[in-house]
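Colleague: Could you work out the structure for the sequence below:
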Amino acid sequence: MLKSYNFEIQVTCPGCNTSHPVSSLLANVTCENCGKELIMDNIIQQAFKNENVDRLKIMNGFLTGTINSRAAAAALGTISEFKMICWSHPANCEECKTRLDESDILDSIANKKPIYCKKCNHPMPVRPADDEIKQFHPKAIGVINDSKGFDVNPDVAENKSQTIVFGCMTCGAGLKLDEHSKRLMKCSYCDNENYLPDAIWNRLHPYKEPERIYLILDLDESDLKGSLDYFFITPNNTSILYIQLLATHFVGFIGTYFTMDNAVFLSDAVKYWWKILLDSKYERTSTTEDAAIDFLIKSAPYSVKIRYIEDVKDYFFLNFRNGYAKLSPELKEFIAGNIFEIPDDIRDMLSKDTDENVRLAIANNRPPIKVEIPIAVPPDKEEKKGFFGKLFR
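Modeller: Have a look, this model is predicted:
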């Protein structure tokens with residue numbers, strides 16, 4: 001089952017305090033302002049390490065969250081700040097936000113070619129999983145929108161660069177500048193060096209929002225189940241960090257899932273995730289002090305209290321209920337036909353839906369009833385008495 005785990009990464013140069021969007025998942029960055037090389041090796045691994053979480057378990061699950069870690073940056077010493085926003089939504093076209101087809105993704109990865117959006121024909125580079133990516137996640141098969149990937153031929157790519165003429169501050173000769181010019185420019189007429197002022201430099205290098213990089217994973221059911229188990233049955237769920245991840249990453253994905261601009265997606269992986277999440281039962285084993293948990297919940301950026309898996313389920317059905325009129329028939333039919341633990345009021349809504357397939361699905365959805373068949377116990381043999389009793393004992 002294909003699943004995407006997406007990154008938007010931004011780092012801050014310790015030399016000049018300039019923020020830089022990262023365009024490649026595991027590549028180093030050169031500060032365009034001061035020229036300092038920002039070593040990015042293991043930065044994401046270090047960020048997860050400082051959060052004290054299992055990186056692979058996080059990526060395998062359908063979660064959304066933000067890691068803004070000065071500690072991770074300090075541990076590496078080559079950047080002053082690190083911010084990473086993560087999603088589990090499918091790969092989309094960066095121009096028109098249309099969801100990319102899984103078959104097109106597999107074809108581009110197999111043939112080492114960029115992927116084109118079927119709606120607007122916008123190309124995005126594709127990087128098949130090499131040893132570096134495999135070490136990062138062993139079940140990765142490729143990365144979309146990575147600057148180190150296979151892109152369109154630069155000779156036919158649209159040229160968006162601009163040229164500025166700047167007067168040499170010594171002799172006044174015109175210096176032609178573009179985005180490839182260095183901050184310290186040498187005049188070809190008088191050989192004096194010109195340090196480009198901020199106004200010119202920022203015009204040539206306008207601020208860029210971090211681009212979303214899609215890590216494409218090929219997972220099986222045990223990977224998804226293992227991710228869910230990690231949050232609910234491992235010793236990790238006794239910590240305040242567990243509560244924080246539960247209250248942000250689970251809620252973050254569910255909240256954005258129901259508010260996506262494009263149609264709510266129903267890949268094989270997310271179907272299985274909803275199935276195991278909404279029908280799972282875990283014992284409440286958290287031993288964290290209630291006062292600490294209550295304080296964290298109150299300070300969380302979400303108005304919903306998330307502490308146990310029942311709270312996660314409630315939040316899913318809260319969004320399902322509130323957005324029911326805008327939900328796709330496919331999602332309604334899937335929930336109606338595959339999830340047993342549906343609140344009664346939502347069952348009623350599904351049974352009255354205008355789509356016949358939805359009504360049939362909920363009508364046929366009956367949780368299996370465990371029938372206890374009494375074990376037949378043979379009656380005690382009645383003791384025979386008299387002469388014949390002695391014969392037939």
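Colleague: What ranges in the stretch 51-200 of the chain fall below the confidence cut-off?
Modeller: Along the stretch 51-200 of the chain, the model assigns pLDDT under 70 to residues 51-52, 68-80, 153-162.
Colleague: just the strands in the stretch 101-250 of the chain please.
Modeller: For the stretch 101-250 of the chain, the strands defined by DSSP state E, counting those that start in this stretch cover 115-116, 123-124, 126-128, 140-144, 164-167, 174-177, 184-186, 193-195, 213-218.
Colleague: Can I get the ones you listed in TSV including mean neighbour count and distance to Phe82?
Modeller: Backbone N, C-alpha and C define where each C-beta goes, glycine included. Formatted as TSV, the strands of the stretch 101-250 of the chain follow (neighbours: other Cβ atoms under 10 Å; distance: least, Cβ to Cβ, whole Å):
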stretch	mean neighbour count	distance to Phe82
strand 115-116	21	28
strand 123-124	20	25
strand 126-128	23	22
strand 140-144	24	19
strand 164-167	13	32
strand 174-177	15	31
strand 184-186	14	28
strand 193-195	14	29
strand 213-218	23	15
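Colleague: so where's the stretch 201-350 of the chain shaky on pLDDT?
Modeller: Judged by pLDDT under 70, the stretch 201-350 of the chain has its weakly predicted residues at 205-208, 234-247, 261-263, 283-307.
Colleague: Give me the residues contacting the helix or strand where Val251 lies.
Modeller: In the assignment (DSSP states H and E), Val251 maps to helix 251-257. By Cβ atoms under 8 Å, 6 or more residues apart in numbering, the residues outside helix 251-257 that reach it are 62-65, 87-89, 264, 302, 304, 306, 312, 315-316, 319.
Colleague: what about Asn111, neighbour count?
Modeller: Using other Cβ atoms under 10 Å, Asn111 has 10 other residues around it.
Colleague: State the distance from the nearest residue to Ile164 once chain neighbours are set aside to Asp223.
Modeller: Excluding the flanking residues, the one nearest Ile164 by Cβ to Cβ, 6 or more residues apart in numbering is Leu177, at 4.7 Å. Going from Leu177 to Asp223 by Cβ to Cβ, to the nearest Å gives 50 Å.
Colleague: again, but for Lys119
Modeller: Note on Lys119: its distance to Asp223, by Cβ to Cβ, is 31 Å.
Colleague: Each with direction, which strands does the lengthiest strand in the chain pair with?
Modeller: The longest strand of the chain (DSSP state E) is strand 2-12. In the sheet containing strand 2-12, its partner strands are strand 19-21 (antiparallel), strand 81-87 (antiparallel), strand 213-218 (antiparallel), by DSSP bridges.
Colleague: Compare those and give me the one nearest His249.
Modeller: Nearest to His249, of all those, is strand 81-87, at 8.2 Å by Cβ to Cβ.
Colleague: how about the CA coordinates for that closest one, as CSV?
Modeller: Below are the C-alpha coordinates for strand 81-87, written out as CSV (Å, rounded to 0.1, in the frame of the first residue of the first chain):
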residue,chain,number,x,y,z
GLU,A,81,17.0,26.8,14.2
PHE,A,82,15.1,24.1,12.5
LYS,A,83,11.4,23.9,11.7
MET,A,84,9.7,20.9,10.1
ILE,A,85,6.0,20.5,9.3
CYS,A,86,4.9,17.0,8.5
TRP,A,87,1.7,15.6,6.8
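Colleague: And that strand, how far out from the chain middle?
Modeller: 11 Å (Cα atoms, centre = their mean, to the nearest Å).
Colleague: Repeat that for stretch 19-36.
Modeller: How far stretch 19-36 lies from its chain's middle: 23 Å, per Cα atoms, centre = their mean.
Colleague: Pull up the distance across that stretch, start to finish.
Modeller: End-to-end distance for stretch 19-36: 12 Å, by Cα to Cα, to the nearest Å.
Colleague: Now for Tyr257, how many residues are close by?
Modeller: Residues near Tyr257, counting by other Cβ under 10 Å, number 21.
Colleague: With neighbour numbers in mind, choose between Lys119 and Asp223.
Modeller: A count of neighbours by other Cβ under 10 Å puts Asp223 above the other of Lys119 and Asp223, at 20 against 12.
Colleague: roughly how far apart are the nearest residue to that one once chain neighbours are set aside and Ile339?
Modeller: The shortest distance from Asp223 to any non-neighbouring residue, by Cβ to Cβ, 6+ apart, is to Asn60 (4.7 Å). Taking Cβ to Cβ as the measure, Asn60 falls 21 Å from Ile339.
Colleague: ok, now Glu95?
Modeller: 35 Å.
Colleague: between the two, who's got more neighbours?
Modeller: With other Cβ under 10 Å as the criterion, Glu95 and Ile339 differ in neighbour count, and Ile339 comes out ahead with 20 against 13.
Colleague: who's in contact with that one?
Modeller: Contacts for Ile339 were tallied using Cβ under 8 Å, 6+ apart; they are 274-275, 278-279, 365.
Colleague: The residue lying closest to Val165 once chain neighbours are set aside bridge partners, please.
Modeller: What sits nearest to Val165 in space, not counting adjacent residues and going by Cβ to Cβ, 6+ apart, is Gly174, at 4.7 Å. Beta-bridge partners recorded for Gly174 (DSSP bridges): Gly167.
Colleague: Gly174 against Gly167, yeah?
Modeller: Yes. Here Gly174 reaches Gly167: they are 6.2 Å apart, a contact under Cβ atoms under 8 Å.
Colleague: returning to that earlier point: ChimeraX command for the buried members of the contacts of Ile339?
Modeller: Per 16 or more other Cβ atoms under 10 Å, the buried members of the contacts of Ile339 correspond to this ChimeraX selection:
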select :274,275,278,365
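Colleague: And the helices in the stretch 151-300 of the chain?
Modeller: Taking DSSP state H, counting those that start in this stretch as the criterion, the stretch 151-300 of the chain carries its helices at 198-204, 221-232, 240-245, 251-257, 268-278, 290-299.
Colleague: roughly how far is the fifth one from the heart of the chain?
Modeller: On the basis of Cα atoms, centre = their mean, helix 268-278 is displaced by 15 Å from the centre of the chain it belongs to.
Colleague: now the angle from it to strand 2-12?
Modeller: Interaxial angle of helix 268-278 relative to strand 2-12 (axes from the mean of the first three to the mean of the last three Cα atoms, to 10 degrees): 90 degrees.
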